[in-house]
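[1] sequence unknown, structure follows:
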C-alpha cells in the first residue's frame, strides 16, 4: 500500500489551493485541525469504523461535529474523503496543510527534544538562532527526553541537529568499531 503521506498529499494540496483561492486559509486550518483530532481520538476512530455507517453518514457526522467552524467547501471536501475511504488520512492532511501554510508564511516549527527543561531565555536564543539559519520565523515545540542524558536534538524542516550526549556517544562508539 502507498505511504500515508503520499496518499494525503493531493488532498492537502487541493484543500490548500481552495483555501487560498477563497482567502480562508485560517478557517480551513481550524477545521482540518478539529476533524483531524476527532479522527485520531479513540472514540472518533471507533465511530468512523462502525461497519453499518455509509460514507455519507460518516461525512455528515464529521460535518455536524464541526458545527459553526464548518462551511460548504470544507463539507464537500470531507464528503469526498469519505466517498474515497480516506477519512483516516485527515491527520496527515492536516499536517501537510500546516506545512504548506508555514511555507507560505515563511515560518517553521522546530521540534526540540531536551534532556532537561529549557528556560525561556534559552528557548528565545534557540528560536532566534534557528530563525537566522532557516531564514524563517521559527517557533519551538519543546519536549523532555531523559534518554538523551544531556543536550538537545532539533528537527526543523529538513534540518536535524543532534547535540545530545547519547548521540555523541553513539557516534563515538561507531568510530571505535574495528
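    It's in. Remember, predicted model here, so these are calculated numbers, not experimental data.
[2] and residue 11, how close does it get to residue 149?
    Going from residue 11 to residue 149 by Cβ to Cβ, to the nearest Å gives 41 Å. C-betas here are computed from N, CA, C, even on glycine.
[3] neighbour count for these two, which is higher?
    Shown here are residue 11 and residue 149; by other Cβ atoms under 10 Å, residue 11 has more neighbours (20 against 13).
[4] the strands in this structure, which residues?
    107-114, 137-144, 152-156, 159-162 (DSSP state E).
[5] the worst-scoring helix or strand of the chain on mean pLDDT vs strand 152-156, what angle?
    Ranked by mean pLDDT, DSSP states H and E, the helix or strand of the chain with the weakest confidence is helix 165-176, at a mean of 86. Helix 165-176 runs at 90 degrees relative to strand 152-156, counting by axes from the mean of the first three to the mean of the last three Cα atoms, to 10 degrees.
[6] ok now helix 165-176, how far from the chain's centre?
    30 Å (Cα atoms, centre = their mean, to the nearest Å).
[7] with stretch 112-123 instead?
    Relative to the centre of its chain, stretch 112-123 is centred 21 Å away, using Cα atoms, centre = their mean.
[8] before we move on, what about stretch 8-26?
    Centroid displacement of stretch 8-26 relative to its chain, using Cα atoms, centre = their mean, is 15 Å.
[9] can you give me the buried ones in that stretch?
    Judged by neighbour count using 16 or more other Cβ atoms under 10 Å, the buried positions of stretch 8-26 are 8, 11-12, 15-16, 18-19, 24-25.
[10] could you dump the residues you listed into a markdown table with pLDDT added?
    Shown next, in a markdown table, are the buried residues of stretch 8-26 (pLDDT from 0 to 100):
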| residue | pLDDT |
| --- | --- |
| 8 | 95 |
| 11 | 96 |
| 12 | 96 |
| 15 | 96 |
| 16 | 95 |
| 18 | 94 |
| 19 | 94 |
| 24 | 91 |
| 25 | 92 |
